[in-house]
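[1] how would this look folded up:
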Amino acid sequence: MYALSVLVPPFATIRIKRTQPPIRAMRAVVQRVASASVEVEGRTVSEIGPGLLVLVGIHESDSDSDAEYICRKVLNMRLFQNEETGRGWDQNVMQRKYEILLVSQFTLYGFMKGNKPDFHVAMAPQKAEPFYASLVDRFKKSYNPDVIKDGIFGAKMKVSLVNDGPVTMQLDSQLPK
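    Now for the predicted structure:
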């Protein structure tokens, strides 16, 4: 929120508040990694070698079109060097036959209210769990199911990664109008 104070005769102060448009989109934070893993209760549940770690935030208004957009964009992001030509930012994860680790993360929709985070715009867990599962399936159907891994929805996870670059990109399924 922005606030603007203006002095107006006879020296009265007028405050004009302008709020930023709310974000209504699926959000992905994509990290190019040399390796990544997810641990739950001391046990490794997923791990990948070179590829992408994708943290996924699901907004309460997300639909199948948002999931389709995120899947298509993540799979086609040219974040890798072409080893044959030496050109950087030239190949996507599929061209390199790399792996993807998807991790649900509702905190991507956290906003600070004072000193406490507020997650009210994240999709409710009862709806988000099947929606997230359908996103994982969409990735598996669009690429190679053997190289798509994920964490455990709703679990307290320890995510480890070796960031390659580092390269970290944020992707929203819809831009504010």
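[2] the longest helix belonging to the chain packs against which elements?
    Scanning the chain for the longest helix, with DSSP state H as the assignment, gives helix 125-142. Packing partners of helix 125-142 (3 or more C-beta pairs under 8 Å, 6 or more residues apart in numbering; DSSP states H and E): helix 64-76, strand 99-104, strand 148-150. Placement of C-beta: from N, CA and C, glycine included.
[3] quick one: strands adjacent to the last one?
    Each strand that strand 148-150 pairs with, and the sense of that pairing, follows from DSSP bridges: strand 99-104 (parallel).
[4] hmm, who's touching stretch 98-106?
    With contact meaning C-beta atoms under 8 Å, 6 or more residues apart in numbering, stretch 98-106 is reached by 29, 33, 36-38, 46-58, 74, 80, 93, 119, 122-123, 125, 128, 132, 135-136, 139, 143, 147-151, 153-154, 157, 159.
[5] in the helix or strand harbouring residue 167, which residues are buried?
    Residue 167 belongs to strand 157-172 when assigned by DSSP states H and E. For strand 157-172, burial by neighbour count (16 or more other C-beta atoms under 10 Å) applies to 157, 159, 161, 164, 171-172.
[6] low-confidence stretches in the protein?
    1-23, 175-177 (pLDDT under 70).
[7] at the geometric centre of it, which residue do we find?
    residue 28 (1.5 Å; C-alpha atoms, centre = their mean).
[8] ok but that residue is inside a strand, no?
    Yes: with DSSP: H, G, I helix; E, B strand; the rest coil as the criterion, residue 28 is part of a strand.
[9] how about the closest residue to it other than its chain neighbours, what does it touch?
    Closest residue in space to residue 28, ignoring its immediate chain neighbours: residue 171 at 4.5 Å, by C-beta to C-beta, 6 or more residues apart in numbering. Contact partners of residue 171, counting by C-beta under 8 Å, 6+ apart, are 27-30, 70, 73-74, 77.
[10] what subset of those residues is buried?
    Counted by 16+ other C-beta under 10 Å, the contacts of residue 171 give 27-30, 70, 74, 77 as buried.
[11] quick one, what contacts residue 96?
    50-51, 80.
[12] no no, residue 67
    Taking C-beta under 8 Å, 6+ apart as the test, what residue 67 contacts is 26, 131, 134-135, 138, 173.
[13] give me that answer again for 10 Å
    Counting by C-beta atoms under 10 Å, 6 or more residues apart in numbering, residue 67 touches 26, 56, 58, 131-132, 134-139, 173.
[14] repeat that for residue 30.
    52-56, 70, 73-74, 77, 79, 93, 100, 167-171.
[15] 6 Å - rerun?
    By C-beta atoms under 6 Å, 6 or more residues apart in numbering, the residues touching residue 30 are 52, 54, 74, 169.
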